[in-house]
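**Student:** show me the folded form of this:
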Amino acid sequence: MDVMTGWVIITIILILLAFSLGRRQGKRAESRNERHLDALQQAWQKGYDDALNYLGKNAAVTGRPPARAPSEPTTPEPATPEANWHAAAPSGPSAPAPSYGSAVPHQPAQQPAPAQPYLQPSAPSSAPFAQLIASPVALAAPAKPIKVLTKRERELRNINITLYVAALMIVAAGALFLSFALPPLSKLIAFFLLTAAFYGGGLLTYALKPSLRPAGAAFAGTGLALLPLCAIATYTTTGLSGPATWLVFSAIGTVAVGYATLRFKSRVFAWVAVLILVSTAMASAAAMQRGVLYYMLILLVLSIILMILAVRSPRVRRSIFFQALFGTAQLLPAFVFALTLILFEPLTSRDMFWIFALLTAQLLLSVRLLANLRLVRFYAARASFMLMLAAGCHYLDFSGTTTWVVIAFAFGIQAVAVLLYASGYRQALGLRADVVRIERAVLWGLGILAMTAAFALAPTNEESILRYVVLPLFMALSLPGLLRSIKLEAGVLAVLPLLALVNWKEHTWSPLPAFAVALLGLSLADHRAKSVHRLVLGHTRWVLGLVGAGVLGAAVSELTAPWYSGSIGPSIVIAAVLVNLIWWAASLAQRSFLAPGTYLVHRMARVGASALIAVVLSLTLRLRSAVPSEVLPNYERVLFLGQSTLIWFMICLLLSLGMVIASGWRLTGLPDQNAPLQNVVDASALGLIGALYALSFGEDFWVLAIVVGLISLGYVLFNLRRSMDQRWKIINAAAAQVLFSSMVWWFATSLEFDIHGRFSLLLVSLGIPQLVRLAISIRSAKALRKELRFIAIGLLGGIPLATLAYGQIIGFDRGAVLLATLFFGLHGLAAFRADSALDKISRQFYLIAPVLSLVLISCIPATSLWAESGWIRSSWWSAEVACAILLVMSLVAVISEWRLRGNPKYSIAVGTAIFLPATVAAIWQEGTWWAVGAWLLATVALILMVHTRHSAWYAAAASLTLGTAIMRAVFELRQAGGAWRVESMDVVWSLLGTGIALYLLSIFHGRMKDPEPEYPEFGYRHDDAPGGASRIYFLAMLLALLLAGGIAHATGGQNWFIIGGAVVIFGVAVLVRYFELGQRLVAYAVDGYIVLAALLALTSYAQILGTPQASNMAAYACIVTVLLVLWRNIKADARLEKYYLLAASVAGSLTLLTALVESNSVAQIIGLVFFGALVAWGLKLGERLLIWWGAIAITLSILWFLRDLAFLWLVIIGMGLIAAAVFKLVKVDKQNSLPEQIREPQAPVVPPAQGPEGDGPR
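**Tutor:** A predicted model of the protein is given here:
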């Protein structure tokens, strides 16, 4: 049953897809018939123009002007005859000219817009006939006819819509009827009767009532749509099998749809008939127990035969049956492909071959017959052809390598064909040149991937054939592109030799023929190329040459080294490095190297790439040479030409360093070299030197790092003296310092200093030279040079980072850390004294280093660090002594703040000296009275800064620190009393105490002098800083009280805590109303009180007695909003009253909904009473929205109470709509029973023209 249901669902989906495609094709066919409709329109227009000319002739003979054309405009605008798009020709030389007072030549009649005259309003009979022969109106394009519906047509349209709605309601009633508790057979019979009634009623309506033919077609279509549901109901009710049920109802549907097609003559029914035929055939196949795939293949063969006939016969192409069947046949390739994927496992390669062969033929014929989606169909045909090739190779029992070779050559031949026949290919499919290039790139890419797979799957006995024969032949396919100087084929030729390296196991010289062919082809292309293309080919040949050099090195190693040496890998790297260095030196030695222009940029890029390759390959050799001797025996170190990897590494490293330095000097001061390009050269040289210097470190060859460092240091110092750019002076000075310090570190490491001693030497090498430079600058009383300033700033940031990294990796040593701290503080103090040219604000940041240094020197001796090594292994004092020192430092800084008030020269340093020691003490000794003292000291400092620095915003920070200090003090008192943990009410009492303290601070700062002081502006300085601070203290008090009330209300636990918290919150709201709220918002304070009191009452009830139901909460919200409505009604504020009414309506709607879900009768009563009152209130205010809202809510509630009668409601409503539609139809037929009298309008009498010229009407 499940399988049958699945097939039925799939069939329905396919039918719907085919129906959608058919409808789309039908619309396209209608759009193709627009030319035919235009021809009919022009014929109608020509007859209409001839009638107008005939009336003009009769008027000229009888002297009576004809009636005005109904479709003509009342006042035509004059225009030139050239602009007329349908001007009527003159009747001939013998045609008599009309006479209206004087003889005038006959002018062509004005061409009205194509329209339907019987639908246009008639013109007034008094319109002069002179307008009929006025100059033609200039029209840019024919006006599109506008359908103007008459009253009767509008009524018929409304009747049809009513019948559609009634039919849908009856269908819904039938669907509900199936779920009733009745015998299945009775329901099935009733459902068949409903289907027959719709189908037969639609046919009768279509035949008897022409005005209701669309409705009749809709009824019949509804009956046909119910047939699949009847089939499902029959299958689930009776004992028929799935295929039999499908076949029976498909046959019934074929007869029904065929008869409907003949009766309605509808294109849509024709498409449905084709699909029903397909369904019947598929049902027959299912009944005969044949596979669906074979049936689809048969349909595919039939479509191919029909398409071949259509190609040879235009009569077949014009047939309606062909259009319908071919529209469905367009889906067959997709269906067949989908079924092939589904049934992939049981299908054989022969089956796959025939499937894709038929698909290829069908798609190619569709490309010939159809104009839409030709490119997609052509690509699909090619993809199907490739799949056919793969299936054929598998059927012929080819190996995987041979199959991939065939596929690769197929892709390559397609790419060559697209290149050779590009113009015709583009013209046939309407492609742009860039699309063709992309297609060729994709084809070559797929071919390369296929060839890669062939090499990956090739057994040992086939590798030689692939590398010596197959790959060169495949590379020969790029020859046409190379002869045409096309870049794509050159790139392909450069990539293909790399395929010879895939699965490269034996005979290391076997890839050399492919590389030779590639280099030969690139040389041929380079000889024919010009300009930039030639440069790109040169780069490609260079890269390929480096890879070929590696292959050659492997071959030399295999031929010269013993088989057990394992030297092939390093030999590849060594050969590549040597060839790269030789090519690099040759490029620098060329005389044309310094020639300006585009070539210079490419040559510089080549040099940069050579340098990067040298560094990377040197890194590879470095990793190889770093293998210990116990892992890699000595005989395996003899790798290339009798020398070990280590020797070759050192040679390559020194040669690479020399080439980098030579390139840096060679590329300096070129003719076209601007400053940015010179910066790139210098930065690249410095980075490469750093990389090579980093590679030179090794325990077995530690002298190499010293040698490389000294050479690099000399180069950097030379550039430091030569450079005139201040930035590069700083960079070179920093690089020299890094090189010197790193060599000192490495020298100490090589002499087996411990890690702490090495770090101390590093600090000395960093700190003493810079301190000497700063001392010289202080003594000379000159401004500090920029490079020294940046180096000073860099050291102030680098010393802490280096110390932290040292401690995290190795472990902090007390002596080393104290030495680093001392250098850090001295360096900051010296930089402050030396850098006198810096402004006084920025200069203070240097003093942060001495302050931090003093803090660390106070704390480090009291900490427990590594005690097994170093200079200082024991603590000097305890943590309490350290905290006392820190608080004394902070207190001294507070005193300095008061003594230096008004002097901003040391403000940042003093502020740091105040808060940094206090913060460290508070965090370090958290949970003790030292932390409380630190927070109190910080609070005193912030309160003092309000007066010394004239900034009110310090009061905000003082409020926070005061609250923290009081809270920490309460915690300490609780712990002293023996409490194990702090309760939430302790926080509440702390916040209440904070609020009292803040209130006192607000009073002392002038709060009572000015009842409503303004908040200070967001700035640093204020004119009345104490007054602004008073405002901030009072606001902080309100926030503390609010937070205390909220915590007590939310987490108090006991009832009086909950209620007390709510009272405190409400009291804060009252204080805000009287002290903080502006006059503009005072009018809305009562509204806020009502809402806040309601929320507090609700939360208190929820915490004390439990959370109420959702319906109760909605009813409560409705009552509260009603109170707001009453309050605003008393205050005569209609705007807010209306908003509150809308909110109350929303709350009432939620009350009814939640009450229905929760079956809360009290809430239902409240909601109904509210909406009844809402209707009355809306009548009082004259608000239609409120009246309708209340009426709809009450009505829906009543319908919900009567919801068990849904079927009866649908039937009653549907029958009522049908009765109303029939009554209206009878009324319309009675009104239009008598034919309308067609009256000929009287022709107006056109007066003769008057005026001095008298040449015709005006």
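
**Student:** quick one, phi/psi of residue 238?
**Tutor:** Summarising the backbone geometry of residue 238 under the convention degrees, to the nearest 10, its torsions are phi -90, psi -180.

**Student:** apologies, that question was intended for residue 813.
**Tutor:** Note on residue 813: its backbone torsions stand at phi -110, psi 130 [degrees, to the nearest 10].

**Student:** go ahead and confirm it touches residue 756.
**Tutor:** Yes. In this structure residue 813 lies within contact range of residue 756 using CB atoms under 8 Å: 4.4 Å. C-beta: built from backbone N, CA, C; applies to glycine.

**Student:** the two: who's more crowded?
**Tutor:** Applying other CB atoms under 10 Å to residue 813 and residue 756 shows that residue 813 carries more neighbours, namely 27 against 22.

**Student:** what's the separation between the more buried one and residue 846?
**Tutor:** 27 Å (CB to CB, to the nearest Å).

**Student:** can you give me the pLDDT of residue 937?
**Tutor:** What the model reports for residue 937 is a pLDDT of 91.

**Student:** buried residues, the helix or strand hosting it. List them.
**Tutor:** Element membership of residue 937, judged by DSSP states H and E, is helix 929-948. The neighbour-count check on helix 929-948 (16 or more other CB atoms under 10 Å) flags 930-946, 948 as buried.

**Student:** got the CA coordinates for it in PDB?
**Tutor:** Written as PDB, here are the backbone C-alpha positions of helix 929-948 (Å, rounded to 0.1, in the frame of the first residue of the first chain):
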ATOM      1  CA  TRP A 929      39.600  45.200  54.600                       C
ATOM      2  CA  TRP A 930      42.400  46.300  52.400                       C
ATOM      3  CA  ALA A 931      40.100  46.100  49.400                       C
ATOM      4  CA  VAL A 932      37.500  48.200  51.300                       C
ATOM      5  CA  GLY A 933      40.100  50.800  52.100                       C
ATOM      6  CA  ALA A 934      41.200  50.900  48.400                       C
ATOM      7  CA  TRP A 935      37.700  51.400  47.200                       C
ATOM      8  CA  LEU A 936      37.100  54.200  49.800                       C
ATOM      9  CA  LEU A 937      40.400  55.900  48.800                       C
ATOM     10  CA  ALA A 938      39.300  55.800  45.100                       C
ATOM     11  CA  THR A 939      35.900  57.200  46.100                       C
ATOM     12  CA  VAL A 940      37.600  60.100  47.900                       C
ATOM     13  CA  ALA A 941      39.800  60.800  44.900                       C
ATOM     14  CA  LEU A 942      36.900  60.900  42.500                       C
ATOM     15  CA  ILE A 943      34.900  63.200  44.800                       C
ATOM     16  CA  LEU A 944      37.900  65.400  45.000                       C
ATOM     17  CA  MET A 945      38.400  65.500  41.200                       C
ATOM     18  CA  VAL A 946      35.000  67.000  40.800                       C
ATOM     19  CA  HIS A 947      36.400  70.100  42.400                       C
ATOM     20  CA  THR A 948      40.000  70.000  41.200                       C
END
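
**Student:** can you give me the helices for the stretch 901-1050 of the chain?
**Tutor:** In chain order, the stretch 901-1050 of the chain shows helices spanning 907-924, 929-948, 954-976, 984-1004, 1025-1051, with DSSP state H, counting those that start in this stretch as the criterion.

**Student:** would a markdown table of the ones you listed with distance to residue 183 be doable?
**Tutor:** Conversion of the helices of the stretch 901-1050 of the chain to a markdown table gives the following (distance: least, CB to CB, whole Å):
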| stretch | distance to residue 183 |
| --- | --- |
| helix 907-924 | 83 |
| helix 929-948 | 85 |
| helix 954-976 | 78 |
| helix 984-1004 | 68 |
| helix 1025-1051 | 62 |
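
**Student:** out of these, nearest to residue 680?
**Tutor:** Ranking the helices of the stretch 901-1050 of the chain by proximity to residue 680 (CB to CB) places helix 907-924 first, at 39.0 Å.

**Student:** domain-wise, how is the protein divided?
**Tutor:** According to the domain assignment given by automatic domain parsing, the chain is divided into the following structural domains: 9-32+182-290, 43-133, 561-735, 753-877, 879-933, 950-1107, 1110-1201.

**Student:** so for the fourth one, what's the average pLDDT?
**Tutor:** On average, the pLDDT along domain 753-877 is 79.

**Student:** just stretch 958-970 next, same as before
**Tutor:** Averaging pLDDT along stretch 958-970 yields 87.

**Student:** nice, that's everything, thank you.
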